[in-house]
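J.: Structure for the following, please:
(2 chains)
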Protein chains: 2
Amino acid sequence: MTPYEAIRLFAKTLGNLEKWMDKAEEYAKGRGFEVDVLAQARLAPDQYSFVKQVQSACDQAKYAAAYLSGGKAPSHADTEQTFAELRQRIRKTLDYVSSVPESAFANADQQKVAPAWLGGRWFRGSDYLVEMAIPNFFFHASMAYAILRHNGVKLGKMDYIGGITTQEK
Amino acid sequence: MTPYEAIRLFAKTLGNLEKWMDKAEEYAKGRGFEVDVLAQARLAPDQYSFVKQVQSACDQAKYAAAYLSGGKAPSHADTEQTFAELRQRIRKTLDYVSSVPESAFANADQQKVAPAWLGGRWFRGSDYLVEMAIPNFFFHASMAYAILRHNGVKLGKMDYIGGITTQEK
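T.: Reported below is the predicted structural model:
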């Protein structure tokens, strides 16, 4: 999987997340509650809420696209409170991520990735992709899914996976 | 990330999972309950239990190693009920996965991956890795983490990520 393919996989999964949110809205409507209640839901009192899981999944995709292409990620204030606002956040993320062409990832493995929390140390691009971006992205996407699932939204594994590319026998 | 690096990342994460289980055991001891209660815990009544999430994470790693190397995965009956048995399952999986040498993945992208559930259709190895193995592996690993976290086990993001490879400034 090339760095560009990883970014496309993140984008695909954010698109799947929009559909999980559609299902959450249907479920809320059917049960007669306000869907934005789920925006603040969480699996443990000291774990991120749905809002923060979605923001984090978006940021993992955005920063991976920026770091691995040597570009600069757009800044997105973490001010979302509602499903409608989260949808805008996902859209802004997808707009940025899809604006980075495949050619920009030519030196991805050699990029020097120095997030502030490393305090001056840095990741080789190849290590950052494998050790941080991929596990972290799927962690936050899975937690967003799990929070909805835990609250009764009708989701199944293929909602998580999305479209697949298979060949004729 | 090469197919071999993906398999190594899965193996690393299964090693992390063993440490989450250590923390679950400490937590159970401190709270005075039997840790195997958590083996049957789940986030939703119609979602997999912790046992099944661990079995599934193991199987995603095992089958990815087999399919992408053109090998045959060892058969593991899904009979585990306890943490001790799940630890054996993880160990058997790691033994197999680490027995497949890097050279065996030389044709990974071109492997014809035909799981029975596709009913005769098949994945190109490269599509299988990106669309199925990676998202699915991290889904089940994250759900195992989430079930423990939801039940109060003291886990944080770096328990999930495990060791990282950084460079001096």
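
J.: Go through chain A and flag its longest helix.
T.: With residue count as the measure and DSSP state H as the assignment, chain A has helix A:3-31 as its longest helix.

J.: Please state the mean pLDDT value computed over it.
T.: Averaging the model's pLDDT scores along helix A:3-31 yields 98.

J.: Just give the nearest non-adjacent residue to residue A:42, would you?
T.: Sequence neighbours aside, residue A:49 is the residue nearest to residue A:42 in space, at 4.6 Å (criterion: CB to CB, 6 or more residues apart in numbering or on different chains). To be clear about C-beta, it is placed using only N, CA and C from the backbone, and glycine gets the same treatment.

J.: Contacts (any at all) between chain B and the longest helix of chain A?
T.: Yes. Between helix A:3-31 and chain B, judged by CB under 8 Å from any CB of the partner chain, the touching residues are A:5, A:6, A:9, A:13.

J.: What about those, which one has the most neighbours?
T.: residue A:6 (24 neighbours; other CB atoms under 10 Å in any protein chain shown).

J.: Which helix or strand contains the most centrally placed residue in chain A?
T.: For chain A, the residue whose C-alpha lies nearest the mean C-alpha position (CA atoms, centre = their mean) is residue A:57; its distance is 2.8 Å. Per DSSP states H and E: residue A:57 is located in helix A:50-69.

J.: what angle do the following helix or strand past that helix and helix A:3-31 make?
T.: Of the helices and strands lying after helix A:50-69 in sequence (DSSP H and E), the nearest is helix A:83-99. Helix A:83-99 and helix A:3-31 meet at an angle of 160 degrees, taking axes from the mean of the first three to the mean of the last three CA atoms, to 10 degrees as the criterion.

J.: Which other helices and strands does helix A:83-99 contact?
T.: helix A:3-31, helix A:50-69 (3 or more CB pairs under 8 Å, 6 or more residues apart in numbering or on different chains; DSSP states H and E).

J.: Tabulate the CA atom coordinates of it in CSV.
T.: Backbone C-alpha positions of helix A:83-99 (Å, rounded to 0.1, in the frame of the first residue of the first chain) are rendered in CSV as follows:
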residue,chain,number,x,y,z
PHE,A,83,-23.8,16.2,13.4
ALA,A,84,-24.3,19.0,10.8
GLU,A,85,-21.1,20.7,11.9
LEU,A,86,-19.2,17.4,11.9
ARG,A,87,-20.4,16.7,8.3
GLN,A,88,-18.8,20.1,7.4
ARG,A,89,-15.6,19.1,9.1
ILE,A,90,-15.5,15.8,7.2
ARG,A,91,-16.1,17.6,3.9
LYS,A,92,-13.4,20.2,4.6
THR,A,93,-11.0,17.3,5.4
LEU,A,94,-11.9,15.4,2.2
ASP,A,95,-11.5,18.6,0.1
TYR,A,96,-8.0,19.1,1.4
VAL,A,97,-7.0,15.4,1.3
SER,A,98,-8.3,15.0,-2.3
SER,A,99,-6.4,18.1,-3.4
